[in-house]
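S.K.: no sequence on this one, just coordinates:
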């Protein structure tokens with residue numbers, strides 16, 4: 001189908017969906033993004049994202065030059081090195097953890113960046129105002145004589161030529177299109193949060209953990225670790241991108257903070273049930289303090305002083321490495337976590353989604369067909385297999401490993 005007639009429906013307005021929208025806009029290809037949140041400011045959009053290698057290349061290719069330059073300029077100050085601290089003694093381990101989760105096949109000729117997710121989403125939304133519908137919860141799709149029809153829970157429907165599922169690890173598009181794809185509960189659990197860098201924090205929290213990325217770790221009696229990964233995140237150019245506070249509706253700028261994630265295998269104190277990710281921010285914040293109550297006094301302030309309205313709890317889910325092939329369709333495809341949910345333990349979720357966008361754009365520019373979509377999906381599966389394995393390897397250091405035959409989500 002010629003690009004001039006093509007109309008693409010994108011389900012999901014996250015990083016992947018918005019980047020694809022920016023790329024299509026540059027090539028004058030008609031598209032519409034459907035986001036379930038009711039507005040840009042509906043909820044907090046999370047914390048810092050580290051993007052390296054293929055992710056940086058994808059952004060440079062898919063974004064207009066001014067947009068890329070603005071995103072790059074808004075990034076946090078780079079920090080080199082890794083520190084490991086014993087959670088019970090507060091002492092630095094003699095051999096810091098090394099390795100950054102990159103794969104052998106990843107391009108290394110681009111400078112990595114760390115960006116605040118809310119800032120990044122704000123930048124990516126620029127120019128897409130007339131191409132996105134908010135408050136659209138996907139219900140299902142139907143293949144029609146003229147293409148594909150997407151329907152939403154509010155009773156509306158939209159027709160297009162190709163539908164792209166970019167709706168995250170719990171993708172409703174994937175569940176309808178490829179119900180045979182396995183997504184497993186790894187039995188890992190994590191609590192994400194941030195703690196603003198204030199004089200109070202800097203006075204109370206160990207300075208050993210404020211130099212670079214840091215792992216604070218306790219070995220449990222069962223041999224599995226309880227790990228706090230953190231990184232002080234400072235934004236020297238925070239005034240470049242105003243953001244909207246979702247609670248007050250007022251314009252503000254991102255503040256310096258310590259980004260952190262507490263990881264563990266599921267156990268009595270980190271609920272093994274599927275309800276874990278429904279904890280409120282306050283409940284998740286309280287739990288993070290509770291499970292680390294035996295830690296050394298020098299490391300506990302980063303959790304005690306956290307921004308408790310920003311904390312969230314998530315199960316760690318994953319695609320499986322032997323992802324089966326499927327018959328490609330010119331009418332529908334997936335990208336990012338919608339196709340291959342990734343644990344956070346290799347730090348490659350955003351990179352993988354952006355890489356998918358770049359590959360999918362190439363397929364679209366060749367002309368959407370079963371063949372071009374099939375080529376994209378083949379490369380996506382190859383990469384996903386590597387990244388899933390890398391994530392499991394990372395998890396063995398942070399939470400302990402898992403069996404690929406774990407219960408399917």
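M.R.: Arrived safely. The structure displayed is predicted, hence computed values, not measured ones. Residues are numbered from 1 along each chain as shown.
S.K.: give me the low-pLDDT residue ranges for this structure?
M.R.: Judged by pLDDT under 70, the chain has its weakly predicted residues at 1-4, 41-45, 95-108, 268-274.
S.K.: Can you spell out the domain ranges of it, please?
M.R.: 7-67+103-182+322-399, 185-317 (the TED database).
S.K.: Indicate which one of these is closest to residue 77.
M.R.: With CB to CB, the closest approach to residue 77 among the domains of the chain belongs to domain 185-317: 4.9 Å. Glycine gets a C-beta too; all of them are placed from N, C-alpha and C.
S.K.: Centre of the chain to that closest one, how far?
M.R.: Per CA atoms, centre = their mean, to the nearest Å, the displacement of domain 185-317 from the mean C-alpha position of its chain is 16 Å.
S.K.: Next: stretch 179-198.
M.R.: Going by CA atoms, centre = their mean, the spacing between the C-alpha centre of stretch 179-198 and its chain's C-alpha centre is 10 Å.
S.K.: before we move on, what about stretch 134-145?
M.R.: The answer for stretch 134-145 is 24 Å, by CA atoms, centre = their mean.
S.K.: which other residues reach it?
M.R.: Here stretch 134-145 makes contact (CB atoms under 8 Å, 6 or more residues apart in numbering) with 11, 13, 34-40, 42, 148-154, 156, 159, 163, 167, 172-173, 176-177, 331-332.
S.K.: rewinding a little: most packed of the domains of the chain?
M.R.: domain 7-67+103-182+322-399 (a mean of 19; mean count of other CB atoms under 10 Å).
S.K.: Between its first and last residues, how far does that domain reach?
M.R.: For domain 7-67+103-182+322-399, the first and last residues are 44 Å from each other (CA to CA, to the nearest Å).
S.K.: would you list every one of the strands in the stretch 201-350 of the chain?
M.R.: Taking DSSP state E, counting those that start in this stretch as the criterion, the stretch 201-350 of the chain contains strands spanning 213-219, 225-233, 243-244, 251-252, 257-265, 312-319, 332-334.
S.K.: Distance to residue 26 added to the ones you listed, as TSV?
M.R.: Rendered in TSV, the data for the strands of the stretch 201-350 of the chain read as follows (distance: least, CB to CB, whole Å):
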stretch	distance to residue 26
strand 213-219	34
strand 225-233	30
strand 243-244	24
strand 251-252	28
strand 257-265	31
strand 312-319	30
strand 332-334	20
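S.K.: and of these, who's closest to residue 389?
M.R.: Using CB to CB as the criterion, the shortest distance between residue 389 and the strands of the stretch 201-350 of the chain is 10.2 Å, found for strand 312-319.
S.K.: Alright, calling it a day.
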